[in-house]
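Asker: Please find the sequence and the predicted model below.
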Amino acid sequence: MADSREAASRISRTVIAVLNSVAIYDVTLKEVQSFSELVRGGESDDEDMRVFEVANADADAKAPVWTDTPYFLTNDPSLLGKWAELQADIAANVAHAVIRRAK
């Protein structure tokens, strides 16, 4: 996993260029962050979930806002498991909210 933003950007651009058969200088990316930056910047109690945080919705409530379309290049299978866990939690919360509104 990349330790710096520059390394993350370089790796991502290279992979995208190879997958799309284009020159690396034709690939542009926005808001690239390294794994370590994401973990340091997150506030979730579960450090592994911090990579999916976008921002805090309410600083007082400490409720994170989760990304809905992450793009990760990793060889860590546990990251995919954490993403699936997060999506299941979000779906359950949405279902509970719909049920509460229907009552």
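Answerer: Nice, thanks for sending it over.

Asker: which element follows the helix or strand bottoming out on mean pLDDT in the chain toward the C-terminus?
Answerer: Every helix and strand in the chain was compared by mean pLDDT, DSSP states H and E; the lowest is strand 53-58, with a mean of 68. Later in the chain than strand 53-58, the nearest helix or strand by DSSP states H and E is strand 63-66.

Asker: And that following strand, what's buried?
Answerer: Buried positions in strand 63-66, judged by neighbour count with 16 or more other C-beta atoms under 10 Å: 64, 66. Bear in mind the C-beta positions are built from the backbone N, C-alpha and C, glycine included.

Asker: Show me what counts as buried in the next helix or strand along the chain from it.
Answerer: The helix or strand immediately downstream of strand 63-66 is helix 77-102, counting by DSSP H and E. Within helix 77-102, the residues that count as buried by 16+ other C-beta under 10 Å are 79, 82-83, 86.

Asker: cool, and stretch 27-38?
Answerer: 27, 32-35, 37-38.

Asker: Between the two ends of that stretch, how far is it?
Answerer: For stretch 27-38, the first and last residues are 22 Å from each other (C-alpha to C-alpha, to the nearest Å).

Asker: Next: stretch 33-44.
Answerer: 17 Å.

Asker: which outside residues touch that stretch?
Answerer: Stretch 33-44 is contacted from outside by 1-5, 7-8, 47, 49-51, 53, 56, 62, 64, 74, using C-beta atoms under 8 Å, 6 or more residues apart in numbering.

Asker: between those residues, which is closest to Ala102?
Answerer: Using C-beta to C-beta, Pro64 comes nearest to Ala102 of those, at 26.8 Å.

Asker: Nearest the geometric middle of the chain, what residue?
Answerer: Phe52 (3.3 Å; C-alpha atoms, centre = their mean).

Asker: Tell me who's in contact with it.
Answerer: Taking C-beta under 8 Å, 6+ apart, one finds 66-67, 70, 82-83, 86 in contact with Phe52.

Asker: and which of the residues you listed is nearest Ala97?
Answerer: Using C-beta to C-beta as the measure, the one of the contacts of Phe52 that approaches Ala97 most closely is Trp66, at 15.3 Å.
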